[in-house]
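Student: Generate a structure from the sequence data that follows.
(chains A and B)
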Amino acid sequence: DAKTTQPTSMDCAEGRAANLPCNHSTISGNEYVYWYRQIHSQGPQYIIHGLKNNETNEMASLIITEDRKSSTLILPHATLRDTAVYYCIVRALSGSARQLTFGSGTQLTVLP
Amino acid sequence: DAGVTQSPTHLIKTRGQQVTLRCSPKSGHDTVSWYQQALGQGPQFIFQYYEEEERQRGNFPDRFSGHQFPNYSSELNVNALLLGDSALYLCASSLGTANEKLFFGSGTQLSVL
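Tutor: Prediction:
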């Protein structure tokens, strides 16, 4: 069963911020929010993860709502190379639920 | 520093045959997981190997089996191939079984005719 809900597709203009939403209303207290992306013909690539605080790294920022029922991945200055399928995943780091369960993701297309 | 490498990149088999796919993990990683990705879908977890043993398994039949070698590399074997086994098979490696960050290879595209 899918634990996350994401829009099927989104467009973003090159150079603008891309904001990708994810709903995870049934997230448990020990589950993290992970984001991966998959560029065409490549394997998925780790982007970022967080538990309840906002996180930022060299690739993106992750904003998690206070009730943890939704999150937003932000690519601050999207480029054409950011065109990919973005997967939002909730998972624990221990126990039987620690494996990544991918849904269908969001196809982000960055337009010139 | 080599990332995760998989071989072959493409493979064509016929129904009923057997296939072996290979994976070398990223340097320093000791855990290998295998995923199946059908066209237009997200990857589905097959199983995970750590210390040469299968540690977790997804909802896949016994026709799917694996092995991990002392150098941490791994093989995925699929017996009695079905048309529905046509997919991209992805290998991912990590340090330890918590999979805090998985590194994926580019996959093996298997076509079953």
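Student: Now that A:Y46 has come up, it's in contact with A:Q38, right?
Tutor: No: using Cβ atoms under 8 Å, A:Y46 is not in contact with A:Q38, being 11.0 Å away. For every residue, glycine as well, the C-beta is placed using N, CA and C.
Student: Can you tell me what sits against stretch A:17-30?
Tutor: For stretch A:17-30, contacts defined as Cβ atoms under 8 Å, 6 or more residues apart in numbering or on different chains pick out A:3-7, A:10, A:12, A:33, A:35, A:68-78, A:82, A:86, A:88, A:90, A:92-94, A:106, A:108, A:110.
Student: where exactly do the strands run in the chain?
Tutor: Going with chain A. Remark: strands assigned in chain A by DSSP state E are A:9-13, A:18-23, A:32-38, A:45-50, A:55-56, A:61-64, A:70-75, A:84-91, A:106-111.
Student: To clarify, I was referring to chain B.
Tutor: All strands of chain B, identified by DSSP E, fall at B:5-7, B:10-13, B:19-24, B:31-37, B:44-50, B:53-57, B:64-68, B:74-78, B:87-94, B:103-104, B:108-112.
Student: With mean neighbour count added, can I get the strands of chain A in CSV?
Tutor: Shown next, in CSV, are the strands of chain A (neighbours: other Cβ atoms under 10 Å in any protein chain shown):
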stretch, mean neighbour count
strand A:9-13, 14
strand A:18-23, 20
strand A:32-38, 22
strand A:45-50, 18
strand A:55-56, 15
strand A:61-64, 19
strand A:70-75, 20
strand A:84-91, 23
strand A:106-111, 17
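Student: Show me where chain A dips below the pLDDT cut-off.
Tutor: By pLDDT under 70, the low-scoring segments of chain A are A:1-2, A:96-97.
Student: what residues does it put near chain B?
Tutor: Within chain A, the residues that sit near chain B (Cβ under 8 Å from any Cβ of the partner chain) are A:36, A:41-46, A:49, A:85, A:87, A:91, A:93-94, A:96, A:98-105.
Student: No more questions from me, cheers.
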